[in-house]
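Asks: Here's my sequence, what's the structure:
(chains A and B)
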Protein chains: 2
Amino acid sequence: MKTSRSVQTLLSVFLILLVTSCGSGVKKQLSSPDNSLKLTFTLTEGKATYELSKGDKVVISPSELGFILSNNDQFNDRFRVTDISEASLDETWEQPWGEDRYVRNNYNQMAVSLEEKDGLKRKMNIIFRLFDDGLGFRYEFPEQENLKEFEVMDELTGFNMPRDNMAWWIPAYRPERYEYLYRHTPLSAMDTVHTPLTIETKDGLYASIHEAALYDYGSMTICRSDSSNLKCDITPWSTGVKAYLKAPFKTPWRMVIVTDDAAKLVESRMILNLNDPSEIKDMSWIKPTKFMGIWWGMFTGDYTWAQGPKHGATTKNAIKYIDYCTQFGIPALLIEGWNYGWDGDWVGEGYKFEYTKPYPDFDIEKVCSYAASKGVNIIGHHETSGAVMNYENQIDSAFAYYQKLGVKYVKTGYVNSVLAGKELHHSQYGVRHYQKVAELAAQYHIMIDAHEPVKGTGIQRTWPNFMSREGARGQEYESITNGNPPEHEAILPFTRILSGGMDFTPGIFYIDNPNKKISSTLAKQLSYYVVIYSPIVMAADLPWHYLNQPAFKFIQDVPCDWDKTIGINAVIGDYVTIARKDRNSDNWYLGSLTDENARELTVTLSFLDEGRKYTAEIYADGDDADWQNNPLSISITTQEVTRETTLTIKLAPGGGYAARFVAL
Amino acid sequence: MKTSRSVQTLLSVFLILLVTSCGSGVKKQLSSPDNSLKLTFTLTEGKATYELSKGDKVVISPSELGFILSNNDQFNDRFRVTDISEASLDETWEQPWGEDRYVRNNYNQMAVSLEEKDGLKRKMNIIFRLFDDGLGFRYEFPEQENLKEFEVMDELTGFNMPRDNMAWWIPAYRPERYEYLYRHTPLSAMDTVHTPLTIETKDGLYASIHEAALYDYGSMTICRSDSSNLKCDITPWSTGVKAYLKAPFKTPWRMVIVTDDAAKLVESRMILNLNDPSEIKDMSWIKPTKFMGIWWGMFTGDYTWAQGPKHGATTKNAIKYIDYCTQFGIPALLIEGWNYGWDGDWVGEGYKFEYTKPYPDFDIEKVCSYAASKGVNIIGHHETSGAVMNYENQIDSAFAYYQKLGVKYVKTGYVNSVLAGKELHHSQYGVRHYQKVAELAAQYHIMIDAHEPVKGTGIQRTWPNFMSREGARGQEYESITNGNPPEHEAILPFTRILSGGMDFTPGIFYIDNPNKKISSTLAKQLSYYVVIYSPIVMAADLPWHYLNQPAFKFIQDVPCDWDKTIGINAVIGDYVTIARKDRNSDNWYLGSLTDENARELTVTLSFLDEGRKYTAEIYADGDDADWQNNPLSISITTQEVTRETTLTIKLAPGGGYAARFVAL
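Replies: Model (predicted):
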């Protein structure tokens, strides 16, 4: 059922008189609907710049706009303004799934038309949309005589900061793609980094720089031109070209979320608002899901992806796992390592993968029909090791094969530092590939959960079958290298997850595994289900580790589709508390987690529905809990609460807290 | 003939009394032979640090030493000093080829033995060698009970700078490896970067951070812990591990060259002194050479590597090129695209290369015997596209095949962002591979010129058949992306080339090619032969572009093996002048080049031999020369000079100057 509550108001479109007198330029301001944000566009001596402020605080000081095309062709310094038009929108639209069922899209817009003063007189437009929670802007290259096919060698868009603010960042261009620990440093100690890049300004604002609607263009990273001045750096092709374009073309939206409170970053839906409505008209087949998987065993050493004595994806094992799904009420099962290609150096030799050829010890038809008989969805798996050509050659038959078997979800994988032997995951080449997969999957009514993906840019609004991604250092790192420190999950919601749901693979209960020590308490594992959003979310541990575990009830109860999301409190990197309301009931959920330090947080449950009573089922760290020495100590209690109740949340070192509020 | 002039003096090895009283640490100073540099080693509360100063100027402020091993095992904070010993050396040794025939190796050494105070009591030594032109230091892990096989997760070595100095840098971890334009920014705007990292301090010193003797360890990049504090970051394996080690083991030398004058950086031979003498006892077969190649045509679009109507490496074309070599007196010819594997996406599908299977239109035996009959050496070619497994599987037969054909030089290529489908060129994996190739080539008496190499660290002293490398943005970039700006060649001698000879592929005469505009004047192309050192150096243009060109005589005359090298003057990124004496005659050569600005430099020829007269053959920019509008204007003159003569060097915008001083 689609509830339409959208109210669209097109306020005004008008031409303004432009200052064209000799030596002077153009300056034009735009305010956000509530007047809290101000955007100033300026054209001086042919160069366009913009600046952004919130009240009297400068967020982005004057920053460059424009491009360098091939042959050192500067497309940034000889402009005149030919037109400026304004518009506004205030609508509310409904998501098929997500963190909020209804999303308000409310902005004031200014569209600036530029043309070169002389020579080729090429045209470019810049569209600014100012929301109460931030700025989005994009470039448009209209169809024109003197700009047809062209190559972007550099995009000059700047994000200058007036001061050397602190930032949370992961480096770009590294072989593990997004999978690095966040660093928290002044901008002056920052590398070239991925977005979302989240910054705390010295005057107490939070600014997160990212992009929306990334199609057919290289992904934006952020580098520095000096200590605190930032500039975008578009991920190049192996040729060095940033993007091969053909006018008419619209770039992705460059966006900056701005809030006073770190916790409120998680409530911004600007990234979705900057994307177009769904291209998939019948969305009835697109459903969030929880799942278990033949997966963690590959990290603990119990299983292998490849054939052999420890092969994980056998018929027998799959049936055992399906039975666990049935027993636990987990509606889906991921099976990895079922197809030919894993034997040998699978990362280096991805061209060997075959997507319609199961291993001989895996009777895929039997497994799928058994799963269907039990009401369990199989989540298929396409590992490519970045050998995209090999995958694209088989992709139609691969999706058709899964569709025939009744498989509705596919986890894809791109473990490698490059795609197709040479192109970066975040290049225009990569962006095109992931998009091709999403659109083709939609034709087969298949939902995608991409690992080693291109970053999310809100395109799940337009392609809601591209549901989740990995794209950061997930819990699998607990079993490799030196693990994830406890602060990691107190950073993710304010960085990576601002780009969309993350398949973090929570729910490891065998924390004390002497070989694979996990950096959390048991209660913290539960908190992930509320704090770390994903519409496709795993109960990641080996199923038998959930037997006779009272804490597992929370994983069974917690939904993964929400009516409403509220950021309660946060100090990025220290702690975070988020509340969410179930989309399919009146129940609320709360998750809170901390870094390596114990904390006591006080939360009044004012988000609960007015006049309702709830039974709170609380999973808290035991008094003696500690991620290093006593991670399993947990206290499970119930109490009656209303929106007037104040809870004291005690978090152990490396601990967490999860609560379910069952409406009475 | 080997002239032995080495004088070795072992001054002293002694134990010193150590301050071990409660609460206090150890502090020990070392001076360079001329007392200009001071190294201070300090142990405080179990942590070791070092600092470096020149006179009263601090070059490196106190900086950390140590490691993090796997499982977050800190191997840096519980040390005590068990021994400190000192030694000195002053010897002069002879190079088989190089920038200087004789190299003085003069240092004072301090070896610090550390042991953990408690627990496993693991041992580590740090060896400091202080030269007059800089510091080298390395870690040694002696054989011991409690440290056998181990994994380095992080090396903590710092290079802290007291101020936010300006640096010239290229980013590390990028898909084009070393092939980026240098940026010149404060340290506070610096990415994680490759070495050599060259810094101009605010008190007027030049410091270049690099490493020597890189064997079986990841290459060192430099990142920042805050604005001006630097730290090493070892290039990891795809597993995240930086190095898999087994004690006993010695790390590469970390080194900092320090000079008062930028021009003097090019005279430092510390990197060679920190490497061991040659492992190849009979070096008579190792010879520098000039060469032409079936190569530039692939960039201009005249030829293809792959088979087809424009195939470059045909028998007919090779014979034509050999005839040009004979006609011009260029003793060697590179032939690329001769073997199977280039058809299709050769970068993405390197596993298709076959190293003993020539294309049908290339009669390799006929070509090689024709070349031999003309006295021309063929330079063979092994492109791998990073498919190292495929190469290693064939490498023995590939070298044997070339040896049988009389091929003594091989250019290798690793065009890709990764090796073996997943490992970085600069990882321990890559370091091992390049070393394996060098050592194996030596067995077949083959000299190596590696493109897309691991960086040079002076190992050509030990493996003098590993003669040259690309490893930076060479002239081929003039035909792709947006070219190299004229300042590029005024930066290379003070950055990339401090690590060893660079196959820059100079000598493009068809500068006005409307499709492939070159960013230099003709005289600047000549200057490269003196300024940009390589023992294997190309006359890169299509041979017929050299016909009837008087300027070509300089390329014919200039040697590529030197008796002595002198840095005359330089402002890094602006201009540079270098003089070198031929190893096989009494003639001197001088090269000077500038960035986009015209300049007039005055140089007194005091480097010339005393009492000799010379005929100077001078190739200077014409009065109206300009890299953008009039690059071919050149003035070729002769005059008689002595060491008292002062020359005025006029450099056009983007111009250069080359002179040959023929001893009379």
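Asks: got the contact list for the closest residue to chain B within the stretch 251-400 of chain A?
Replies: As assessed by CB to the nearest CB, chain B sits closest to residue A:348 within the stretch 251-400 of chain A, at 3.1 Å. To be clear about C-beta, it is placed using only N, CA and C from the backbone, and glycine gets the same treatment. Counting by CB atoms under 8 Å, 6 or more residues apart in numbering or on different chains, residue A:348 touches A:385, B:389, B:420-422.
Asks: how about 6 Å then?
Replies: B:420-422 (CB atoms under 6 Å, 6 or more residues apart in numbering or on different chains).
Asks: Apart from its chain neighbours, what residue comes closest to residue A:118?
Replies: residue A:78 (6.6 Å; CB to CB, 6 or more residues apart in numbering or on different chains).
Asks: ok, that neighbour to chain B distance?
Replies: For residue A:78, the distance to chain B equals 18 Å [CB to the nearest CB, to the nearest Å].
Asks: Please name the residues that touch that residue.
Replies: A:46, A:116-117.
Asks: Point me to the helix or strand that includes residue A:293.
Replies: Element membership for residue A:293, per DSSP states H and E: strand A:289-294.
Asks: Following element in sequence after that strand, please.
Replies: helix A:296-300.
Asks: gap between whatever helix or strand comes next after that following helix and the chain center?
Replies: Proceeding N to C from helix A:296-300, the next assigned helix or strand is helix A:315-328, under DSSP H and E. When C-alpha coordinates are averaged (CA atoms, centre = their mean, to the nearest Å), helix A:315-328 and its chain have centres 30 Å apart.
Asks: Direction included, what does the helix or strand just after helix A:315-328 pair up with?
Replies: Next along the chain after helix A:315-328, taking DSSP H and E as the criterion, comes strand A:332-335. Strand A:332-335 has the following sheet partners, assigned by DSSP bridges: strand A:289-294 (parallel), strand A:377-383 (parallel).
Asks: Looking at whichever helix or strand comes after the last one now, give me its mean pLDDT.
Replies: Think strand A:377-383. Counting by DSSP H and E, the next helix or strand C-terminal to strand A:377-383 is helix A:388-404. Across helix A:388-404, pLDDT averages out at 97.
Asks: Give me the helices and strands touching the next helix or strand after helix A:388-404, please.
Replies: Sequence order places strand A:409-413 as the next helix or strand after helix A:388-404, per DSSP H and E. Counting by 3 or more CB pairs under 6 Å, 6 or more residues apart in numbering or on different chains; DSSP states H and E, the packing neighbours recorded for strand A:409-413 are strand A:377-383, strand A:447-450.
Asks: Reformat the ones you listed as JSON lines; add mean neighbour count and mean pLDDT.
Replies: Converted to JSON lines, the helices and strands packed on strand A:409-413 look like this (neighbours: other CB atoms under 10 Å in any protein chain shown; pLDDT from 0 to 100):
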{"stretch": "strand A:377-383", "mean neighbour count": "25", "mean pLDDT": "98"}
{"stretch": "strand A:447-450", "mean neighbour count": "25", "mean pLDDT": "98"}
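Asks: is stretch A:467-478 up against chain B anywhere?
Replies: No: using CB under 6 Å from any CB of the partner chain, stretch A:467-478 never reaches chain B; the gap is at least 8.4 Å.
Asks: Can you get me the start-to-end distance on that stretch?
Replies: 24 Å (CA to CA, to the nearest Å).
Asks: Same check on stretch A:182-200?
Replies: End-to-end for stretch A:182-200, by CA to CA: 14 Å.
Asks: in that stretch, what's buried?
Replies: Within stretch A:182-200, the residues scored as buried using 16 or more other CB atoms under 10 Å in any protein chain shown are A:182-183, A:185-200.
Asks: Please apply the same query to stretch A:147-161.
Replies: In stretch A:147-161, counting by 16+ other CB under 10 Å, buried: A:147, A:150-161.
Asks: who in chain A is up against chain B?
Replies: Near chain B, when you scan chain A using CB under 6 Å from any CB, you find A:72, A:153, A:173-175, A:188-189, A:191-192, A:224, A:226-227, A:240, A:347-348, A:416-418, A:420-422, A:424, A:481-482.
Asks: Filter those residues down to the buried ones.
Replies: If we count by 16+ other CB under 10 Å, the residues of chain A next to chain B have these buried: A:153, A:173-175, A:188-189, A:191-192, A:224, A:227, A:240, A:347-348, A:416-418, A:420-422, A:424, A:481-482.
Asks: Quick check, residue A:362 in contact with residue A:338.
Replies: Yes: the pair residue A:362 / residue A:338 is scored as a contact, 4.8 Å apart, by CB atoms under 6 Å.
Asks: Looking at the two, which is more packed in?
Replies: With neighbours defined as other CB atoms under 10 Å in any protein chain shown, residue A:362 and residue A:338 compare such that residue A:338 has more, 24 against 21.
Asks: Need the pLDDT of whichever residue of the stretch 501-650 of chain A sits closest to chain B.
Replies: Relative to chain B, the nearest point of the stretch 501-650 of chain A is residue A:517 (8.4 Å; CB to the nearest CB). The model reports residue A:517 with a pLDDT of 80.
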